[in-house]
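> no sequence for this one, just the structure:
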Ligand code: NDP
């Protein structure tokens, strides 16, 4: 029987890899909905190939064009943020949550509420509202399966029967494109240089996060929530080859690692086939060709984002939501060339500090999702002020 699928963020890097995996594996899928933000041309092309019940474009201004492109195809076109949420709740067996940023929170939550298996790529929704999201999925009888390669790795080697004997989770990090750059070079880094990841082909926002290593900071928070592990038991290890995707250390001295080529179709395949494994024409890992696997501790001076994530989580659930919002706003400012690369982390730090000192991080007794979104909005406003106050000349940074 074909599994009923909803693909949120179909036109992004993860969305395209997911459809590619379905194509390559010949998986039996009945796609209920494909959604995108603004890329009408690719969404329409995907819809004509996969014939979902509905194709949804979040940017409503583009709905007429989507309708026109899908005319006569039998695929319904819909538009707007609410239509994305409705698509998430269509009653799929499996939902890929691959919208980028906090924009993914409401649709991911709707998918969790529907009781589907949620393949979670959208780490920002977990960072903002992890406990509420996981509790919602559990209550609805659904499951959240990590897609992020590091968390997929841990999920694959973490033995629930021996959870009490886990002494450390070790997240590996490629180190990004600036692993060997000094601070003076990093200060002048351009968006084009920052998105040029050495190992992974990803969307712009996560590529910048990899360059600042904020991606690893967000992943640390993600791991703390997903695996119910105190941040003090989660470590980061730089591993430039991106072959070991993460590790679990047990109290008996054994460390279990999961390995594979840096190809997101592998963790997506595991999230799709879990608890079984599926065959697809996966490029084989040849360790004789890879040769050396190297590891070293991260440089917290050039990459302060991991410490920032630890600080954020120590502030309670509002801290990660504020950090995530500040980072999204600061990354957008960097991509627009309004700030320099090395301004991103300090802008996040100052936002966290302002939010903490003003008491804005203390969530009330109300709906945790509303609370997370309120903190998100407030933190973005603070970051906008912080970014606006930066006076360093742009030409020094380009
Ligand atoms: P992309 O930027 O490539 O794609 C993002 C997707 O979200 C696109 O389909 C985009 O549509 C859609 N989108 C953007 N804004 C909105 C919005 N406001 N409403 C609805 N849809 C929207 O990102 P990635 O695929 O790289 O990443 C997706 C998520 O997965 C992120 O949270 C990222 O951190 C995570 N992730 C990604 C990995 C990777 O290898 N790429 C690895 C691990 C995690 P459009 O194309 O029309 O703009």
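Received the coordinates, thanks. Please read all numbers here as calculations on a predicted model, not as lab measurements.
> low-confidence ranges in this structure?
Applying pLDDT under 70 to the chain flags residues 363, 391-398.
> For the stretch 101-250 of the chain, which residue gets nearest to the ligand?
As assessed by C-beta to the nearest ligand atom, the ligand sits closest to residue 203 within the stretch 101-250 of the chain, at 2.6 Å. C-beta: built from backbone N, CA, C; applies to glycine.
> Test my guess that that residue contacts residue 101.
No: counting by C-beta atoms under 8 Å, residue 203 stays clear of residue 101, with 9.8 Å between them.
> between the two, which one's more packed in?
Comparing residue 203 with residue 101 by other C-beta atoms under 10 Å, the one with more neighbours is residue 101, at 23 against 17.
> residue contacts, that one?
Shown in contact with residue 101 (C-beta atoms under 8 Å, 6 or more residues apart in numbering): 122, 124, 205, 328.
> Of these, which is the nearest to residue 171?
Among the contacts of residue 101, residue 124 lies closest to residue 171 (C-beta to C-beta), at 16.9 Å.
> quick one: what helix or strand has the closest one in it?
Per DSSP states H and E, residue 124 falls inside helix 123-139.
> Does the helix or strand where residue 330 lies pack against any helices or strands, and if so which?
Here residue 330 is covered by helix 318-335, with elements defined by DSSP H and E. Applying 3 or more C-beta pairs under 8 Å, 6 or more residues apart in numbering; DSSP states H and E, one finds that helix 318-335 contacts helix 123-139, helix 191-195, helix 204-212, helix 214-226, helix 305-314, helix 344-357, helix 368-388.
> Could you save the ones you listed as JSON lines and add columns showing mean neighbour count?
As requested, the helices and strands packed on helix 318-335 are exported to JSON lines (neighbours: other C-beta atoms under 10 Å):
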{"stretch": "helix 123-139", "mean neighbour count": "23"}
{"stretch": "helix 191-195", "mean neighbour count": "16"}
{"stretch": "helix 204-212", "mean neighbour count": "24"}
{"stretch": "helix 214-226", "mean neighbour count": "26"}
{"stretch": "helix 305-314", "mean neighbour count": "22"}
{"stretch": "helix 344-357", "mean neighbour count": "21"}
{"stretch": "helix 368-388", "mean neighbour count": "19"}
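> Out of those helices, flag the one nearest residue 152.
Closest among these, once you apply C-beta to C-beta, is helix 214-226, at 10.4 Å.
> can the closest one be found next to the ligand?
No: applying C-beta under 6 Å from any ligand atom, one finds helix 214-226 separated from the ligand by no less than 7.2 Å.
> what inclination does that helix have with respect to helix 204-212?
100 degrees (axes from the mean of the first three to the mean of the last three C-alpha atoms, to 10 degrees).
> got a list of what the nearest residue to residue 198 once chain neighbours are set aside touches?
Spatial nearest neighbour of residue 198, chain neighbours left out: residue 177 (5.9 Å); criterion: C-beta to C-beta, 6 or more residues apart in numbering. By C-beta under 8 Å, 6+ apart, the contact list for residue 177 reads 193-194, 196-198, 210-211.
> what does the stretch 51-200 of the chain have sitting close to the ligand?
Contacts of the stretch 51-200 of the chain with the ligand, taken as C-beta under 6 Å from any ligand atom, map to 58, 84, 98-100, 103, 121-124, 148, 200.
> what about 8 Å?
Within the stretch 51-200 of the chain, the positions lying close to the ligand (C-beta under 8 Å from any ligand atom) are 57-59, 81, 84, 97-101, 103-104, 107, 121-125, 147-149, 200.
> Which ones among the residues you listed map onto strands?
Judged by DSSP state E, the subset of these located in strands is 57, 97.
> Now the buried members of the residues of the stretch 51-200 of the chain next to the ligand.
Using 16 or more other C-beta atoms under 10 Å as the burial test, these include 57-58, 84, 97-101, 103-104, 107, 121-125, 147-149, 200 as buried.
> Pick out the residue closest to the middle of the protein.
What sits nearest the mean C-alpha location of the chain, by C-alpha atoms, centre = their mean, is residue 123, with 3.3 Å.
> so who does that residue touch?
Listed by C-beta under 8 Å, 6+ apart, the contact set of residue 123 reads 148, 218-219, 222.
> Quick check: closest non-adjacent residue to it.
residue 222 (5.0 Å).
> Check whether that neighbour really touches residue 128, as I assumed.
No: Residue 222 lies out of contact with residue 128 (C-beta under 8 Å); the separation is 10.7 Å.
> ok, residue 242 - contacts?
Here residue 242 is in contact with 172, 174, 199-200, 262 (C-beta under 8 Å, 6+ apart).
> rerun at 7 Å
Taking C-beta atoms under 7 Å, 6 or more residues apart in numbering, we find residue 242 in contact with 174, 199-200, 262.
> List buried members of those residues by neighbour count.
Neighbour counting by 16+ other C-beta under 10 Å classes 174, 199-200, 262 among those as buried.
> Please report the distance of the residue of the chain found nearest the ligand from residue 189.
Nearest residue of the chain to the ligand: residue 12, at 1.9 Å (C-beta to the nearest ligand atom). Distance of residue 12 to residue 189, computed by C-beta to C-beta, to the nearest Å: 23 Å.
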